[in-house]
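Asks: Following is a predicted model, sequence given first.
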Amino acid sequence: MSDIAMWLFLLIIFLIGAKYKFEWVTSIRSLVTIILTLTFCNITIDGRVDPKDFLLIVSLAYNFYFLVKQRQLQNGGQI
C-alpha cells in the first residue's frame, strides 16, 4: 500500500507542478531526488536500513542535487 501511496503522491506533485509551471517538477534530477528520499524513508521506517545510513545516502543525493543546480545557475544554464 505504501508504494501506491508514494506513486500517487508523486503524480499529484507532478500535476500540481505542471498546472502552476513549477520548474523543478519538469527536472528529472529533482524527481529522482524526491523518489530516492521517499524510498529511503519507507525502508528506514520498516527497519531494513539503519537511520545513520539513511542520513548518509539522502545527504549525498541532496548534496549532488544542490551542487549541480548551483553550478548550472553560475554557468548560465549549462551544466
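Replies: Cool, got the structure.

Asks: Just the C-alphas of the longest helix along the chain, formatted as CSV.
Replies: When the chain is parsed with DSSP state H, its longest helix is helix 51-74. C-alpha atoms of helix 51-74 as CSV (Å, rounded to 0.1, in the frame of the first residue of the first chain):
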residue,chain,number,x,y,z
PRO,A,51,18.9,5.6,10.2
LYS,A,52,22.6,6.7,10.0
ASP,A,53,22.8,5.0,6.6
PHE,A,54,19.6,6.8,5.6
LEU,A,55,21.1,10.2,6.5
LEU,A,56,24.3,9.4,4.6
ILE,A,57,22.6,8.4,1.4
VAL,A,58,20.0,11.1,1.4
SER,A,59,22.6,13.7,2.3
LEU,A,60,24.7,12.7,-0.7
ALA,A,61,21.7,12.8,-3.0
TYR,A,62,20.7,16.3,-1.8
ASN,A,63,24.3,17.5,-1.9
PHE,A,64,24.6,16.4,-5.5
TYR,A,65,21.3,18.0,-6.4
PHE,A,66,22.1,21.4,-5.0
LEU,A,67,25.7,21.4,-6.2
VAL,A,68,24.7,20.7,-9.8
LYS,A,69,21.9,23.2,-9.6
GLN,A,70,24.2,25.9,-8.2
ARG,A,71,26.8,25.1,-10.9
GLN,A,72,24.1,25.3,-13.5
LEU,A,73,23.0,28.7,-12.3
GLN,A,74,26.5,30.0,-12.3
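
Asks: Run through who's touching that helix.
Replies: 29-30, 33, 36-37, 40-41, 44, 78-79 (CB atoms under 8 Å, 6 or more residues apart in numbering). Bear in mind the C-beta positions are built from the backbone N, C-alpha and C, glycine included.

Asks: Give me the below-cutoff pLDDT ranges for the chain.
Replies: By pLDDT under 70, the low-scoring segments of the chain are 1-2, 17-26, 76-79.

Asks: Tell me which helix or strand residue 49 sits in.
Replies: Assigned by DSSP states H and E, residue 49 falls within no helix or strand.

Asks: Share the number of residues neighbouring the residue nearest to it when sequence neighbours are not counted, please.
Replies: Once flanking residues are discounted, residue 49 sits nearest to residue 43: 4.9 Å by CB to CB, 6 or more residues apart in numbering. Using other CB atoms under 10 Å, residue 43 has 14 other residues around it.
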